[in-house]
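**Q** What shape does this take:
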Amino acid sequence: MFSEGCLKGANVTVTTLLVQPPSPLRSQVIRILSERGHILQVFSDPEKVLDNWPDAQCALLMLDMTAFGERGLQLCKTIRRRKDGNWVIIVAVFVQFQEMEIGDAIRNGADDYLTHQDEKDWELRLAVIENRVQDRLMHRRIMHDLMRTEIQFREVLETAPDAIIGVDQHGIIRLLNERVVSMTGYARAELIGQPIELLIPESLRQRHIEQRTRLIANPAPRALGQAIHLEWQRKDGRTIPVDICLGYFREEDQLYVIAAVRDVSEQRQLEMQLRNAKETAERALSQMQQDLQLAAQVQRSLLPDHAAKVPGLEWAWEYAPSSQLGGDGLNVFQLDHRHWGLYLLDVSGHGVAAALLSVSLARLFSSLPNQFLKWTVSVNQDTPPAIIPPVEVAKRVNHWFMANPSIDHFFSMIYAIYDTQTRKLRYVSAGHPGLVQLLASGQLHVGSSTGPIVGLMDNPEFVEEEIDIAIGDRIVFYSDGVTEAFNPRDEVYGLPRFLHMLQEQRKVPLAKCLNAVLTDVRQWSALHLHDDVSLLAIEGQ
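**A** Predicted coordinates for the structure are as follows:
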């Protein structure tokens, strides 16, 4: 039911509980914690934790506050009211940083928090949290040992890794170990018999007296990590940040307070470094998001202009990147007075690198003058240059790719040239899904690739196909993000469903047909596309 295991690099056993509903992130959290040496017991319901409370000395409890909300807060409060509740480290987990919700969790008993946005910093954050777990467990055992016998008490007192100091109910120092001497700079004789406020900065002494009086009147153990911004003042006047664990025992009619004091200067520095690293990362993330937005605007500006009119053709397109930047590209552009170029390409991979390559290819395929994909060189001055055929375009692009070893991606494409006088479409499909041809007669033909993917081999062979486009015929280019989209049950959208949608929308205008296909793919994918979806279609007029 509950598991006990040792954290990496530690020799103190700790019970580790994870309270989180099933979600895609849960397996990732379990993996991270397991790699750090945690042996976990996982719960999907907060109430189950209290029903199965462990007998172990201490627990690290990670609680998904975003999922459980008020139930999570109630669990924190209930644990803190337990006799052994103050020894539990409670870490509240949130999807993103929400100051108000995090504040509520801390006020109701959480010791620390993590957010999914900070996942890259979890290793560092977990190191701090695990140190606190070890501290609590060690100090609970120390406090238990201190109350056994005088001999054991003295042994623990001098061998404890932290400063141990004992005061009576009037706040007078009665015992201490050597670590107190080294931390404060006072000799043992200078501290025994003195008020504990001797070690408190003058500006905090009155408040400390009030707090000490309340604690003596109502003794309650306090584990490490429960106090905030405590300080000790050394003999030389310097102050050091400390954390204090409190325990109590009675001898005859006297109440004694035992404090285990930890110098947390190094931890404060680590926390400051973590805060600085987080702020730096947040600034970098903000800048990156701005850059991505600008890059996305540039990418959108390279998509086709709906205002372009192709004689004898109606055309439409749809484009939906799976993330802010996509790796697909498409366009329709004029080559000369009778020829128009069309292409749809799909760069391997995702993210910034794929998007940058897609933009570069869009520039390469553009119809600007002197582009090396547009014209062949004339044989003589009397012979005008001719349009480069699709198969030659594929060869030239592949040569350009292979001549640039720094490009570690490849891409598939379908490139076509439409002749407005002959109404013929010549095309090459390089490792790309073949075009779909819906004839006005109702017949349907599905093409196939006519060559390999661009960028994988030297001197590949490409084959050019040619089709006539009669009035009412529809030709559809598409990326594999359409047919390979999958739903939450890992079922692919598939070519049959795609063809059915095209036939079902055969009588509606071309733009509405493509929009209906894209909507259907989105719904199939539960609005979470895993690959870019691109559609480009033409219809004879």
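
**Q** Can you name the element that comes right after the host helix or strand of residue 180?
**A** Using DSSP states H and E, residue 180 sits within helix 178-184. As assigned by DSSP H and E, the chain's next helix or strand after helix 178-184 is helix 188-191.

**Q** same question for that following helix, mean pLDDT?
**A** Per-residue pLDDT over helix 188-191 has a mean of 93.

**Q** Give me the residue at the spatial middle of the chain.
**A** Centroid-nearest residue in the chain, with Cα atoms, centre = their mean: residue 117, separated by 5.6 Å.

**Q** pLDDT below threshold where in the stretch 51-200 of the chain?
**A** 54-58, 118-119, 142-157 (pLDDT under 70).

**Q** quick one: the strands in it?
**A** 59-64, 89-94, 112-115, 163-168, 173-176 (DSSP state E, counting those that start in this stretch).

**Q** And the stretch 401-541 of the chain, by the same measure?
**A** With DSSP E, counting those that start in this stretch as the criterion, the stretch 401-541 of the chain has strands spanning 411-419, 424-430, 436-438, 444-446, 465-468, 474-478, 533-540.

**Q** For those, give me TSV that also has mean neighbour count and distance to residue 134.
**A** Quick note: C-beta positions are derived from backbone N, CA and C, even for glycine. Formatted as TSV, the strands of the stretch 401-541 of the chain follow (neighbours: other Cβ atoms under 10 Å; distance: least, Cβ to Cβ, whole Å):
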stretch	mean neighbour count	distance to residue 134
strand 411-419	24	52
strand 424-430	23	59
strand 436-438	20	63
strand 444-446	13	64
strand 465-468	15	70
strand 474-478	25	57
strand 533-540	24	50
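
**Q** I'd like the ones you listed as CSV, with mean pLDDT and distance to residue 127 appended.
**A** Formatted as CSV, those follow (pLDDT from 0 to 100; distance: least, Cβ to Cβ, whole Å):
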stretch, mean pLDDT, distance to residue 127
strand 411-419, 92, 43
strand 424-430, 94, 50
strand 436-438, 95, 56
strand 444-446, 93, 56
strand 465-468, 94, 61
strand 474-478, 96, 49
strand 533-540, 94, 42
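
**Q** Ok, which of these comes nearest residue 392?
**A** strand 424-430 (9.0 Å; Cβ to Cβ).

**Q** and that closest one with strand 411-419, angle?
**A** Put simply, strand 424-430 runs at 170 degrees to strand 411-419, going by axes from the mean of the first three to the mean of the last three Cα atoms, to 10 degrees.

**Q** In terms of secondary structure, what does strand 424-430 contact?
**A** Under the contact definition 3 or more Cβ pairs under 8 Å, 6 or more residues apart in numbering; DSSP states H and E, strand 424-430 sits against helix 390-402, strand 411-419, strand 465-468.

**Q** ok, and for the first one, which residues are buried?
**A** By neighbour count, with 16 or more other Cβ atoms under 10 Å as the criterion, the buried positions of helix 390-402 are 390, 391, 393, 394, 395, 397, 398, 400, 401, 402.

**Q** same deal with stretch 107-117?
**A** 108, 109, 110, 111, 112, 113, 114, 115.

**Q** Also stretch 508-516?
**A** So stretch 508-516, judged by 16+ other Cβ under 10 Å, has buried residues 510, 513, 514, 515, 516.

**Q** And for stretch 517-525?
**A** Applying 16+ other Cβ under 10 Å to stretch 517-525 flags 517, 518, 520, 521, 524, 525 as buried.

**Q** ok, the first one touching residue 498?
**A** Yes - shown here, residue 517 and residue 498 form a contact pair, counting by Cβ atoms under 8 Å, at 7.0 Å.

**Q** anything in contact with each of these two?
**A** residue 482 (Cβ atoms under 8 Å, 6 or more residues apart in numbering).

**Q** Save the buried residues of helix 390-402 as TSV, and put in pLDDT and distance to residue 536 too.
**A** Below are the buried residues of helix 390-402 laid out as TSV (pLDDT from 0 to 100; distance: Cβ to Cβ, whole Å):
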residue	pLDDT	distance to residue 536
390	92	15
391	91	20
393	89	16
394	90	17
395	90	22
397	86	18
398	87	21
400	81	23
401	80	22
402	82	27
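
**Q** Can you check which of the strands of the stretch 51-200 of the chain gets nearest to residue 253?
**A** Per Cβ to Cβ, nearest to residue 253 of these: strand 163-168, 11.2 Å.

**Q** Which secondary structure elements does that closest one sit against?
**A** Strand 163-168 packs on strand 173-176, helix 178-184, strand 254-263, going by 3+ Cβ pairs under 8 Å, 6+ apart.

**Q** Would you tell me which of these gets closest to residue 449?
**A** strand 254-263 (67.5 Å).

**Q** Okay, now the sheet partners of the closest one, with direction.
**A** Sheet pairing for strand 254-263, assigned by DSSP bridges, gives strand 163-168 (antiparallel), strand 239-251 (antiparallel).

**Q** if you compare the ones you listed, which one is most tucked away?
**A** Mean neighbour count (mean count of other Cβ atoms under 10 Å) peaks for strand 163-168 among the strands paired with strand 254-263, with a mean of 22.

**Q** can you list contacts of it?
**A** 142, 146, 156-157, 173-177, 179-180, 183-184, 191, 196, 254-263.

**Q** Ok, stretch 485-492 next?
**A** Under Cβ under 8 Å, 6+ apart, the answer for stretch 485-492 is 483, 484, 493, 521, 524, 525, 526, 529, 530, 531, 533.

**Q** Am I right that residue 46 is in contact with residue 21?
**A** No - counting by Cβ under 8 Å, residue 46 does not reach residue 21; the two are 10.1 Å apart.

**Q** neighbour count winner among the two?
**A** residue 46 (20 against 13; other Cβ atoms under 10 Å).

**Q** Tell me how far the more buried one lies from residue 172.
**A** Residue 46 sits 45 Å away from residue 172, going by Cβ to Cβ, to the nearest Å.

**Q** Before I go, just wanted to say thanks for your time.
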